[in-house]
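Peer 1: sequence first, predicted model second:
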Amino acid sequence: MTHPEEQLAGYVDGALPPHERRAVDAHLIDCARCRREVALAAGARTALGSLTEVPAPPDVADGALREAGAAGRARQTNGLPAWYRIAGVAAAVAAGLLVVSLVLPRVGGSSDEAADRREAAAGSVGGGAITSVEATALEIQQVNYDDASLSAFAASFKTAQDTSEVATAAAPAESLAGTPRQTQKALRCIVKSAPDETGLLTQLIKARFQGAPAYLAVFLGGPGADQPPDSVSVWVLATDDCAILSFSNARL
Amino acid sequence: MTDPARDEDLVLRYLQGDAQAFAELVTRHRSRVFNVALRVLGDPDDARDATQDTFLTMVRKLSQFRGDAAFTTWLHRVTVNACYDILRKRRRQPMLQLAPEGDEPIPDIGPPVEDHADAAVGSIDVARALQLIPEQYRVVLVLADVQDLPYEEISRVLDVPIGTVKSRVHRGRIALGRALGLPEEPSREPAPAPRTSEREP
């Protein structure tokens, strides 16, 4: 079954032309997955509508206004400290040391332990390279995921969490360990495409997604400070260009 | 002044040396810029930084604004880029860490700050949940469902095809719904049919 992916946003908005809406309605009769997605999306849209506008700090543009006044008089700009400071940080990020720390093979210990591992990683890293703590991190699965099985995979961590056995229950028995080079390649993709992920990487898989070779990166997130993780996110990235193919998340 | 001037006219007047025209643009758009940044970044201090950077970029780069796009499109693009700059600075936490340069300590981002200005019950949860979804989705949701920009406009702001915008809106809403813990019916779907049967021969 093909799903009217691009029309579902407009459907939830109530903005589709009548003939498209009827087509989606007809699809929804037969497709439980899209019905669930539409219900979730509508709830999220309503929730976003509840966000109220927050007043901007009154002086937030003072620097620019001063500069605009000066520029208006002299038609020149000089002294750009904030701008260059930010450019400098960006350059440092591009050129500097990136340290990837992994907590492997699974989280379950305290965050102190995680911090220790991160420190160990930071201590052992060289310049300009991404380094994984565990060279055998990447798991290779002969599995072809799709959005439905990905959701099920993410949800499986909930069950696993109940018994303090994170993640492994969901993995097929037969999985191979990738080489360090393959692991590094996967990590580079995560650095590139999931920079805002703040959870702990707990599982890194190479498999297929809708037929295309893909990395699945599983993160556990939580409030930190020795609290147990309370959410799981699974990123699916294309192995060739690291594009985000899909994303699924669940509460634990 | 009788009729309010168009943004594009104010830009022109500023470029001709009228600093007041710039001040008027700031007054018109300050709140919008700040709120986009606040919802994308989730932290009022970072949102303030992004807003300052946006207006500094505006003052320095406005001469590059050609008028071939609406001024608001250009300003949204600058705002989103300012947010991305700040998100890049955060890449050190906690999965990815930048090795400290010199003796400069790595600042602690800390947990999200409560947004006391949000009066509506639950809106703090929504703001926090937004931070749990991928930034690609988050940016699109903020523009579409918080700022109510049309998808065509978002497509121009982000320079991505409109189909990509629609897909990200939908995927982002689903991810946000799950992050919020919205009810999801148990799956009663039969096992997926073999993929070969999807299309007519």
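Peer 2: Yep, that arrived.
Peer 1: need the contact list for the residue in the stretch 151-252 of chain A positioned nearest to chain B.
Peer 2: Nearest to chain B, among the residues of the stretch 151-252 of chain A, is A:Asp196, at 4.3 Å (C-beta to the nearest C-beta). Heads up, the C-betas are built off the backbone N, CA and C, glycines and all. Each residue near A:Asp196 by C-beta atoms under 8 Å, 6 or more residues apart in numbering or on different chains is listed here: B:87, B:90-91, B:134-135, B:138.
Peer 1: any low-confidence regions in the stretch 101-250 of chain A?
Peer 2: By pLDDT under 70, the low-scoring segments of the stretch 101-250 of chain A are A:101-137, A:159-175, A:224-225.
Peer 1: rerun that using 50 as the cut-off
Peer 2: By pLDDT under 50, the low-scoring segments of the stretch 101-250 of chain A are A:101-136, A:163-171, A:173.
Peer 1: where do the helices sit along it?
Peer 2: A:111-124, A:147-162, A:180-193 (DSSP state H, counting those that start in this stretch).
Peer 1: contacts for the biggest helix by length in chain A?
Peer 2: Taking DSSP state H as the criterion, chain A has its longest helix at helix A:32-49. With C-beta under 8 Å, 6+ apart as the contact definition, helix A:32-49 has outside contacts at A:3-4, A:8-9, A:11-13, A:27-28, A:147-148, B:122, B:126, B:129-130, B:141, B:145-146, B:170, B:172-174, B:176-178, B:180, B:182-185, B:187-189.
Peer 1: which among these end up buried?
Peer 2: Buried by 16 or more other C-beta atoms under 10 Å in any protein chain shown: A:3-4, A:8-9, A:11-13, A:27-28, A:147-148, B:126, B:129-130, B:141, B:145-146, B:170, B:172-174, B:176-178, B:180, B:182, B:184, out of the contacts of helix A:32-49.
Peer 1: do a quick rundown of the strands in chain B.
Peer 2: B:96-98 (DSSP state E).
Peer 1: which residue ranges make up each domain of it?
Peer 2: For chain B, automatic domain parsing gives the domain ranges B:1-92, B:115-182.
Peer 1: so which residue is smack in the middle of chain B?
Peer 2: Per C-alpha atoms, centre = their mean, the C-alpha nearest to the average position across chain B is that of B:Val139, at 3.8 Å.
Peer 1: surely that residue is in contact with B:Leu158?
Peer 2: Yes: with contact defined as C-beta atoms under 8 Å, B:Val139 and B:Leu158 form a contacting pair (7.3 Å).
Peer 1: wait, B:Phe55 sits on A:Ala64?
Peer 2: Yes: using C-beta under 8 Å, B:Phe55 makes contact with A:Ala64 at a distance of 3.5 Å.
Peer 1: need the residues touching each of the two.
Peer 2: Contact criterion C-beta under 8 Å, 6+ apart; residues shared by B:Phe55 and A:Ala64: B:Val26.
Peer 1: ok, back up a step: now, the most widely separated pair of the contacts of A:Asp196?
Peer 2: Spatial extent of the contacts of A:Asp196 (C-beta to C-beta) is set by the pair B:Arg91 and B:Arg138 at 15.5 Å.
Peer 1: comparing the two, which shows the higher neighbour count?
Peer 2: The neighbour comparison of B:Arg91 against B:Arg138 (other C-beta atoms under 10 Å in any protein chain shown) goes to B:Arg138, with 24 against 18.
Peer 1: need the contact list for that one.
Peer 2: For B:Arg138, counting by C-beta under 8 Å, 6+ apart, the contacting residues are A:196, B:39-40, B:130-131, B:172.
Peer 1: tell me the spacing between it and B:Leu38.
Peer 2: 12 Å (C-beta to C-beta, to the nearest Å).
Peer 1: now swap in A:Arg21 and tell me
Peer 2: From A:Arg21 across to B:Leu38, the span is 34 Å (C-beta to C-beta).
Peer 1: quick one: which of the two has more around it?
Peer 2: Neighbours per residue (other C-beta under 10 Å) separate A:Arg21 from B:Leu38, with B:Leu38 holding more: 26 against 15.
Peer 1: now A:Arg251: phi and psi?
Peer 2: Reported as degrees, to the nearest 10, the phi and psi values for A:Arg251 are phi -90, psi 140.
Peer 1: what's the neighbour count on it?
Peer 2: A:Arg251 has 17 neighbours, counted by other C-beta under 10 Å.
Peer 1: in this structure A:Phe153 contacts A:Asp147, no?
Peer 2: No: between A:Phe153 and A:Asp147 there is no contact under C-beta under 8 Å: 10.5 Å.
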